[in-house]
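Novice: how would this look folded up:
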Amino acid sequence: AVLEPASNLVLTAQDDDGRRGTFGPLRVLAPPIGFSWSAIASPQTAGTPLPVTITARDVYGHRAEGFEDTARLEGRVISLCPRWGDDFEDGDFLGWTVGGGSYTRSVTEETAAVGSRSFTMIGGSGSSYDGIYHALSNLTPQLMSFYIRTSATNMTAGYVVIGSAADSAHAMAWFYMNTNGTMGVYETVGGWHGTSYTSNQWYKVGFIFNWSTKQIDYYVDDILVSSNIPFRNASVTNLSVCHLWNYSNAQTWWDDIVFASLCTNPVVLAPTNTEPFNKGSWSGQITLLEPASNMALIATAASGLVG
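Specialist: Residues are numbered from 1 along each chain as shown. All right, here's what the predicted structure looks like:
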């Protein structure tokens, strides 16, 4: 087998007596790994044919001229589907269980990241898992987001810890605001993944979970801080609890805690299949038969190529 693409390749065979034979020259193409689409302006009008070109691409980004199969065409609306959350706009924290720590716990209108209310705790006595916690129904969300604000940068506070039980051995993500003015995620392989923060300022924290690789991408204000952070415990297969607490005596505010997954819904279009590709590309017209927002067009080949 020829393991890499080549042009003007000549194959040579030689026996023990020095007799040789050659075959070639040959052109060897790299196999296709996916599809790319021509640029499509937005918005488009339902019912109006849309000219497109779909190209099979190899690992080098070149047109995979050897691809001459057909592809299935789909339209999908991609949206976030909340699995659980609390924005505290109802004015209380019913549904949360109070831990054993000595805190002042309340929903306040003093400050909020989203809406007009947030949850706050004043206190912290050097203990963990003693603030409040909420049971989760064995979730496997694709992402989590929350807003957080604390009163000082020299306190260990603002913990958000999720996992399958109320102890560090079953924690999956362990977030807090550190005494050195950085906030982030701690895990037992690479340690601290942090970024700087300022007291009395709201930050949006986001996690994207990869349950297959047991890794987390960590965002602050929608900017990536650190990727491929290992789960604190790789044996965690779902989330059953979310804990909030302070370790130092500080005031922290939490708001708009959301666990969500990506959802897709089909959009009717025509045609639903291409004609056979010609030297790695297909050009034609696609008609979207209903209005939609945040829609993606997807081409999939029987061999598994997608784009």
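
Novice: and stretch 79-90, what's buried?
Specialist: Across stretch 79-90, burial judged by 16 or more other CB atoms under 10 Å covers 83, 84, 86, 87, 88. Every C-beta, even on glycine, is put in place using the N, C-alpha and C of the backbone.

Novice: hmm, which of these is lowest in pLDDT?
Specialist: Across the set of these, residue 83 stands lowest in pLDDT, at 93.

Novice: run through the residues that contact that residue.
Specialist: Shown in contact with residue 83 (CB atoms under 8 Å, 6 or more residues apart in numbering): 139, 141, 259, 260, 261.

Novice: who's the closest residue to the second one other than its chain neighbours bridged to?
Specialist: Closest residue to residue 141 apart from its sequence neighbours, by CB to CB, 6 or more residues apart in numbering: residue 259 at 4.2 Å. The bridge-partner assignment for residue 259, based on DSSP bridges, gives residue 84, residue 144.

Novice: gap between residue 259 and residue 242?
Specialist: Noted for residue 259: a distance of 8 Å to residue 242, by CB to CB, to the nearest Å.

Novice: which residues are common contacts for the two?
Specialist: Counting by CB under 8 Å, 6+ apart, the shared contacts of residue 259 and residue 242 are residue 136.

Novice: and stretch 96-111, average pLDDT?
Specialist: For stretch 96-111, mean pLDDT is 97.

Novice: end to end, how far does that stretch reach?
Specialist: 20 Å (CA to CA, to the nearest Å).

Novice: other residues contacting it?
Specialist: In contact with stretch 96-111 (CB under 8 Å, 6+ apart) are residues 86, 88, 91-93, 116-125, 127, 129-135, 149, 202, 243, 245-246, 253.

Novice: from these, list the buried ones, please.
Specialist: 86, 88, 93, 117-121, 123-124, 129-134, 149, 202, 243, 245-246, 253.

Novice: can you pull out the strands in the stretch 151-300 of the chain?
Specialist: 157-163, 171-177, 182-187, 191-196, 203-210, 215-220, 223-230, 239-245, 250-267, 269-270, 281-288, 295-300 (DSSP state E, counting those that start in this stretch).

Novice: in CSV: the ones you listed, plus mean pLDDT.
Specialist: Converted to CSV, the strands of the stretch 151-300 of the chain look like this (pLDDT from 0 to 100):
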stretch, mean pLDDT
strand 157-163, 98
strand 171-177, 97
strand 182-187, 97
strand 191-196, 96
strand 203-210, 97
strand 215-220, 96
strand 223-230, 95
strand 239-245, 98
strand 250-267, 95
strand 269-270, 96
strand 281-288, 96
strand 295-300, 93
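
Novice: which one of those strands lies nearest to residue 17?
Specialist: Closest approach to residue 17 among the strands of the stretch 151-300 of the chain (CB to CB): strand 281-288, 48.3 Å.

Novice: same for the closest one, what does it pack against?
Specialist: strand 50-58, strand 269-270 (3 or more CB pairs under 8 Å, 6 or more residues apart in numbering; DSSP states H and E).

Novice: one step back: okay if I get the strands of the stretch 151-300 of the chain as TSV plus distance to residue 53?
Specialist: As requested, the strands of the stretch 151-300 of the chain are exported to TSV (distance: least, CB to CB, whole Å):
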stretch	distance to residue 53
strand 157-163	44
strand 171-177	42
strand 182-187	42
strand 191-196	41
strand 203-210	31
strand 215-220	32
strand 223-230	32
strand 239-245	43
strand 250-267	20
strand 269-270	16
strand 281-288	4
strand 295-300	11
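
Novice: looking at those, which is closest to residue 44?
Specialist: Nearest of the strands of the stretch 151-300 of the chain to residue 44, taken as CB to CB: strand 281-288 at 6.3 Å.

Novice: and the angle from that closest one to strand 250-267?
Specialist: Calculated by axes from the mean of the first three to the mean of the last three CA atoms, to 10 degrees, strand 281-288 forms an angle of 100 degrees with strand 250-267.

Novice: doesn't residue 74 make contact with residue 298?
Specialist: Yes: if you go by CB atoms under 8 Å, residue 298 and residue 74 touch, sitting 4.6 Å apart.

Novice: spit out the contact partners of residue 224.
Specialist: Contacts of residue 224 (CB under 8 Å, 6+ apart): 217, 218.

Novice: got the contact list for stretch 128-135?
Specialist: Residues contacting stretch 128-135 (CB under 8 Å, 6+ apart): 86, 93, 95-101, 103, 105, 121, 159, 161, 166-168, 240-247.

Novice: average model confidence for that stretch?
Specialist: pLDDT averaged over stretch 128-135 gives 97.

Novice: how far away is residue 128 from residue 288?
Specialist: 52 Å.
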